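Student: here's my sequence, what's the structure:
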Amino acid sequence: MIIEYILTGVGTCLSTMLVYCAYKQNKIQKDNIKIQLFDKRYSVYKSVLDSITIFKRDNWERYILFYENDISKQLIQIEENLYKAVQLSVCLFDKELYEKTILVNDAFCKVAEAYKNMLISAHLSMNENEKNEFITIYKRQIVSEQGFNLDEYKEIFPKAYIAIMEFSRKCEDYINLVNKLQIIKSFHKYIAVNGLEK
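Tutor: Residues are numbered from 1 along each chain as shown. This next block holds a predicted model:
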């Protein structure tokens with residue numbers, strides 16, 4: 001009889017411990033899901049943020065001069081990341097934010113296309129002497145105290161000037177769209193620590 005009480009007590013303790021372990025495991029699993037959700041949402045946010053910061057540099061002209069290949073790689077990488085971000089955002093955010101990411105992606109694709117056209121007209125369509133002259137003017141303007149001025153290109157390199165202006169316009173349109181949509185602000189409610197329940 002005493003053995004029955006002892007076994008019943010041990011069985012009750014084990015059952016209680018198993019229920020407690022299951023409860024803790026469930027809580028840990030929910031926390032892991034929240035962490036994974038945060039990581040995915042943050043990757044979408046970061047893709048959009050990277051697409052903005054690449055054009056918000058104060059030294060954009062100098063950066064292109066010294067890191068042209070790097071800029072091309074960055075634009076390609078950002079374009080790919082934005083495309084993936086749009087695909088992810090369909091199941092991570094509400095419909096409004098998903099539609100905003102689509103608009104941002106479409107606008108960035110136009111910027112990337114304008115950049116490609118600028119490179120083609122500024123480099124591939126020029127002979128070696130024209131390229132050297134183009135680079136000499138570019139370097140001279142960058143170090144000048146008056147700042148960067150495209151007017152000198154207008155007469156000497158009309159095709160390149162048009163392509164540069166188109167790229168500049170697309171960049172400006174992109175930044176204006178991002179500001180109008182307030183997409184970064186829209187992400188904040190999803191990536192804030194208290195927003196993980198959404």
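Student: gap between stretch 125-142 and the chain center?
Tutor: Distance of stretch 125-142 from the chain centroid (CA atoms, centre = their mean, to the nearest Å) equals 32 Å.
Student: who are the packing partners of the helix or strand in which Leu37 is found?
Tutor: For Leu37, the element it lies in under DSSP states H and E is helix 2-53. Using 3 or more CB pairs under 8 Å, 6 or more residues apart in numbering; DSSP states H and E, the elements in contact with helix 2-53 are helix 60-92, helix 95-119, helix 158-181, helix 183-191. All C-beta spots, glycine's among them, are computed from the backbone N, C-alpha and C.
Student: can I get the ones you listed in TSV with mean neighbour count?
Tutor: Converted to TSV, the helices and strands packed on helix 2-53 look like this (neighbours: other CB atoms under 10 Å):
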stretch	mean neighbour count
helix 60-92	15
helix 95-119	18
helix 158-181	17
helix 183-191	16
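Student: what's the least confident stretch among these?
Tutor: Of all these, mean pLDDT reaches its minimum on helix 60-92 (a mean of 78).
Student: residues touching Ala85, list them.
Tutor: Listed by CB atoms under 8 Å, 6 or more residues apart in numbering, the contact partners of Ala85 are 43-44, 47-48, 101, 105.
Student: try Tyr174
Tutor: For Tyr174, the contact set (CB under 8 Å, 6+ apart) comprises 51, 55, 107-108, 110-111.
Student: and it, how close does it get to Gln77?
Tutor: Here Tyr174 is placed at a distance of 16 Å from Gln77 (CB to CB, to the nearest Å).
Student: could you do Gly11 as well?
Tutor: In this structure, Gly11 and Gln77 are 60 Å apart, going by CB to CB.
Student: equivalent analysis for Lys46, please.
Tutor: 12 Å.
Student: by how many degrees do the helix holding Leu37 and helix 95-119 diverge?
Tutor: Counting by axes from the mean of the first three to the mean of the last three CA atoms, to 10 degrees, helix 2-53 points 40 degrees away from the direction of helix 95-119.
Student: Asn127: neighbour count?
Tutor: 8 (other CB atoms under 10 Å).
Student: residue contacts, it?
Tutor: Contact partners of Asn127, counting by CB under 8 Å, 6+ apart, are absent.
Student: the residue most central in space within the chain and Cys13: what is the separation?
Tutor: Geometric centre of the chain, nearest residue: Ser47, 2.0 Å, by CA atoms, centre = their mean. As judged by CB to CB, Ser47 and Cys13 stand 51 Å apart.
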